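> Curious how this folds, go ahead:
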Amino acid sequence: MLLAVHCLLWPSPSSAHYCRGCLYLQEFAQSAPGKCSAASCTLARECLLLLKRRPEPDVALMELINAGLLRLHEPVPLLRSGRTTDTEMEPHIEAAAQALLSTPPSDPDASLRQDLTHLRVFTVDDASTTEIDDGLSVQEDEAGRQLLWVHVADPTRWITPGDVLDLEARARSRSLYFPWGSLPMFPTSLAEGPFSLNSSSSSQGSSSDNLQPCCAFSVCVSLAEDGSLGELITITPSKIRDTYRLTYDEADLDLSLGPGMCRYEDLQLIYEAARLRRSWRVSHGCIDIDLPEGKLEVSVGDLDRKLPGITCTKLSQWESAARLMVAEMMILAGEAVGSLGASAGLPLPYRGQEAPQLPSQKILDALPEGPCRGFALRRCMTRSVIEGSPVRHASLALDAYVQFTSPIRRYSDIMAHFNIKAHLRGEPLPFPATSIMSISAAAVESNRELGRAESDVAKYWAAEYLRQHSSSSWTGVVLGWFRAEAQLAAVTLDELGLETIVKVDFPVVPGDRLNLKLADVDVRSGYYRLYVQDRLGTSAAPADRLLKQDGVDETLLAMDNEKTSQLKQQCANEHVATGDGAASERQMRNPVQWRHFAATANSATNSSSGGSSVSALATVSDPEGLMCESYSGVDSLSSAHAKTRHTVPMAMLAK
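Coordinates of the predicted model:
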């Protein structure tokens, strides 16, 4: 052991002791709690004690970094979840992918596959997206009726249930997204190759007849006059050409020009249909969580640099016409698939959600529009579930909904594709309801750990970004109270889209703007703390409106610890715990008390005390819909499609 320690300090890779000593330390540093073998744990601790270091995993990690065995910014949470940053999979998985590429299998849907290469297809994604999983088209039929097409990538043309690639995707359950890139569910050669709608697309649209057709799974629907689903025309395997590949920024620019001035008239028609759809869903009670997100990006080559180049960009679904358009079309496709499954009695991975108990419209109207209302709504949300039979999804305002449009990066979509194709071919379904439920349950368990890894990595890079900009000031918009008795307010950083917790020792109401500066940061743990320099502006109007309702005491909208304690005690007498995670805001029985709490956000969140912004489980993006266990924000318009790549959970940190 002494030799191993010396070799760690003065590396000599030819030493067998060196190799063994490093392996002990690596297992100790990179294992999840309780997962390190007893022998390695004991030997690694002895190494560290001989080095006069604390025998702790994080200390072992730093020793490995100092010895050059790990990169300076190695994503330890990812390593502790059993993954690495290497996109290459196990040799037998890569071999299976190469075999598929060299000898493509026969198309099991050849007799059903429709030639749709005459349609103009638009794919709209972030500029960095390499897995193109959906496209949009619009056409007019002979009767003058507008038909909307959603074309989805078709991995099930290439794989079969139970083969090596299918089982690997099932075990992974979804792709993972980090600031430096993604870890795909399928081998990269397939995810960015034949599985993707990645034929030779053209943003100019020139020579479209020469573009290589690719396989897709297409959904065609019409809308009723009110925006509801009119008729499901067809769901069919297809061949398409990715005629126009646009970024969100390019699509936003074109949509902003309006009909007659824009370049892509079809895109305008699809956008107008999306607006009509959204209007219909809003009229039927859909719940959209209007909260910004922070997109952190860093080059994988910078993971070993002392000063990595990292960017943080604020994204908002509601500030982008193109993102709203794509999200609504994906929800429309999910409803169409759900309606087919419901009418045919097909077991599919139906996503549902119980209706949450929301504050009254008067309370929401008293809050500033945008993030403050989104924050109040988010705290009420119930968890979404996956069932093998149709179940209502309250926040989407749909009776049956199946996630269908991301089969390259979400295994539940793969199950939907397999079952629908089998139904269309008249064959037995490969996934009965019991299998769907058991696979989904396993995905929930794995996604808990993977979701924590994504969140912890995001917190790390948010802390690193703020460390690099420690001299900067940030505008924080008060969303509401996180824990009023502790003077902790939830704020969103207006410039970055990051959400955090700030101690505020003077009265504030939702919508107030604060000038914030970094007070403390520990990048390795993902911790950062901001302090208030001064107030930039107040949002008096919402408070004034609240004061006119039911005699609400003004001090309840501000920070009055005595009043807060009185109200807390009163709620405790009704068996409602607040501020300690034991109960959620929606458990408030008295509507006046609820109004107080909605205004001040003075109770425990519906998630863990270290909560995250909506798309985190959006993951975020679902980013946003990527995890089986999530809050409704994942399935709401903010990330039903999870189109934002590398969008990650925002830290809500309070030390």
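> from here on, contacts and neighbour counts on C-alpha atoms
Noted.
> Could you pull up the mean pLDDT of stretch 131-151?
The average pLDDT within stretch 131-151 is 94.
> Give me the distance between the two termini of it.
In stretch 131-151, first residue to last residue: 14 Å (Cα to Cα, to the nearest Å).
> Need phi/psi at Q146.
phi -80, psi 130 (degrees, to the nearest 10).
> What's the local residue count around it?
For Q146, the count of nearby residues is 17 (other Cα atoms under 10 Å).
> D266 versus that one, what's the distance?
11 Å.
> Which neighbours do these two have in common?
Taking Cα atoms under 8 Å, 6 or more residues apart in numbering as the contact rule, Q146 and D266 both touch V138.
> Low-confidence stretches in the stretch 501-650 of the chain?
539-650 (pLDDT under 70).
> Please read the previous query as pertaining to the stretch 301-450 of the chain.
In the stretch 301-450 of the chain, no residues with pLDDT under 70.
> Tell me the spacing between the residue lying closest to T538 once chain neighbours are set aside and E250.
Spatial nearest neighbour of T538, excluding adjacent residues (Cα to Cα, 6 or more residues apart in numbering): D512 at 4.4 Å. Going from D512 to E250 by Cα to Cα gives 33 Å.
> More neighbours: those two, which one.
Higher neighbour count among D512 and E250: D512, with 21 against 17, using other Cα under 10 Å.
> gap between that one and S31?
43 Å.
> Okay, helices next: where are they in the stretch 401-550 of the chain?
Ranges of helices in the stretch 401-550 of the chain, per DSSP state H, counting those that start in this stretch, are 411-425, 433-468, 540-547.
> need those helices in CSV with mean neighbour count and distance to N66, can you?
Converted to CSV, the helices of the stretch 401-550 of the chain look like this (neighbours: other Cα atoms under 10 Å; distance: least, Cα to Cα, whole Å):
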stretch, mean neighbour count, distance to N66
helix 411-425, 21, 39
helix 433-468, 20, 19
helix 540-547, 17, 53
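> Switch those over to JSON lines; also include distance to L291.
Converted to JSON lines, the helices of the stretch 401-550 of the chain look like this (distance: least, Cα to Cα, whole Å):
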{"stretch": "helix 411-425", "distance to L291": "26"}
{"stretch": "helix 433-468", "distance to L291": "17"}
{"stretch": "helix 540-547", "distance to L291": "18"}
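> who wins for proximity to L183 among the ones you listed?
Proximity to L183 (Cα to Cα) singles out helix 433-468 among the helices of the stretch 401-550 of the chain, at 11.1 Å.
> same for the closest one, what does it pack against?
helix 76-80, strand 176-178, strand 293-298, strand 310-315, strand 383-387, strand 513-522, strand 527-537 (3 or more Cα pairs under 8 Å, 6 or more residues apart in numbering; DSSP states H and E).
> CSV please, covering the ones you listed and showing mean neighbour count and distance to G285.
Shown next, in CSV, are the helices and strands packed on helix 433-468 (neighbours: other Cα under 10 Å; distance: least, Cα to Cα, whole Å):
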stretch, mean neighbour count, distance to G285
helix 76-80, 21, 39
strand 176-178, 24, 31
strand 293-298, 25, 24
strand 310-315, 17, 25
strand 383-387, 21, 16
strand 513-522, 19, 30
strand 527-537, 17, 33
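> Including distance to I233, could those go into a markdown table?
Formatted as a markdown table, the entries for the helices and strands packed on helix 433-468 read as follows, by distance: least, Cα to Cα, whole Å:
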| stretch | distance to I233 |
| --- | --- |
| helix 76-80 | 44 |
| strand 176-178 | 34 |
| strand 293-298 | 36 |
| strand 310-315 | 34 |
| strand 383-387 | 25 |
| strand 513-522 | 50 |
| strand 527-537 | 52 |
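> Identify whichever of the ones you listed lies nearest to V502.
strand 527-537 (6.1 Å).
> Just list what that closest one packs against, helices and strands only.
Packing partners of strand 527-537 (3+ Cα pairs under 8 Å, 6+ apart): helix 433-468, strand 499-503, strand 513-522.
> Only alpha carbons, please: show that strand as CSV.
The C-alpha trace of strand 527-537 is given here as CSV (Å, rounded to 0.1, in the frame of the first residue of the first chain):
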residue,chain,number,x,y,z
TYR,A,527,-23.5,25.2,-4.1
TYR,A,528,-23.7,28.9,-4.6
ARG,A,529,-25.3,31.7,-2.6
LEU,A,530,-26.4,35.2,-3.8
TYR,A,531,-27.1,38.2,-1.7
VAL,A,532,-29.3,41.2,-2.2
GLN,A,533,-27.4,44.4,-2.9
ASP,A,534,-30.5,46.5,-3.3
ARG,A,535,-34.1,46.6,-4.6
LEU,A,536,-34.4,47.5,-8.3
GLY,A,537,-38.2,47.9,-8.4
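> So in that sheet, which strands flank that strand, and in what orientation?
Sheet partners assigned to strand 527-537 using DSSP bridges are listed as strand 513-522 (antiparallel).
> S395 reaches V282, doesn't it?
No. Applying Cα atoms under 8 Å, one finds S395 not in contact with V282, separated by 9.8 Å.
> which stretch of helix or strand covers A273?
helix 265-283 (DSSP states H and E).
> cool, R45 as well?
R45 belongs to helix 38-50, assigned by DSSP H and E.
> Mind listing what's buried along that helix?
40-41, 43-48 (16 or more other Cα atoms under 10 Å).
> likewise stretch 144-161?
For stretch 144-161, a neighbour-count test (16+ other Cα under 10 Å) marks 146-159 as buried.
> how many neighbours does L377 have?
Residues near L377, counting by other Cα under 10 Å: 23.
> tell me what the strand or helix carrying S238 is packed against?
S238 is part of strand 229-240, with elements assigned from DSSP H and E. Strand 229-240 sits against strand 114-115, strand 214-223, helix 321-344, with contacts defined as 3+ Cα pairs under 8 Å, 6+ apart.
> any idea how far the helix or strand just after the shortest one is from the chain center?
Using DSSP H and E, the helix or strand that follows strand 114-115 towards the C-terminus is strand 122-125. Taking the mean C-alpha point of strand 122-125 and that of its whole chain, the gap between them comes to 19 Å (Cα atoms, centre = their mean, to the nearest Å).
> And for stretch 412-420?
21 Å.
> returning to what we had before: in a markdown table, list the helices and strands packed on strand 229-240 along with mean neighbour count and distance to E449.
Converted to a markdown table, those look like this (neighbours: other Cα under 10 Å; distance: least, Cα to Cα, whole Å):
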| stretch | mean neighbour count | distance to E449 |
| --- | --- | --- |
| strand 114-115 | 16 | 41 |
| strand 214-223 | 23 | 32 |
| helix 321-344 | 24 | 27 |
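> Tell me which of those sits nearest to P371.
helix 321-344 (16.4 Å).
> okay, the angle between the closest one and strand 229-240?
100 degrees (axes from the mean of the first three to the mean of the last three Cα atoms, to 10 degrees).
> Next, the angle from helix 321-344 to strand 310-315.
70 degrees.
> could you say what helices and strands the following helix or strand past helix 321-344 packs with?
The helix or strand immediately downstream of helix 321-344 is strand 350-353, counting by DSSP H and E. When contacts are defined as 3+ Cα pairs under 8 Å, 6+ apart, strand 350-353 sits against strand 383-387.
> Show me what the strand it packs on is packed against.
Judged by 3+ Cα pairs under 8 Å, 6+ apart, strand 383-387 is in contact with strand 350-353, helix 433-468, strand 630-631.
> can you tell me how far the closest residue in space to R452 that isn't next to it in sequence sits from D226?
In space, and not counting its chain neighbours, R452 is closest to P77: 7.9 Å by Cα to Cα, 6+ apart. Separation of P77 from D226 (Cα to Cα): 48 Å.
> residues in contact with L78?
Counting by Cα under 8 Å, 6+ apart, L78 has contacts 84-85, 450, 453-454, 457.
> ok, Q114 - contacts?
Q114 touches 236-239, counting by Cα under 8 Å, 6+ apart.
> which one of S395 and V282 has more residues nearby?
S395 (29 against 15).
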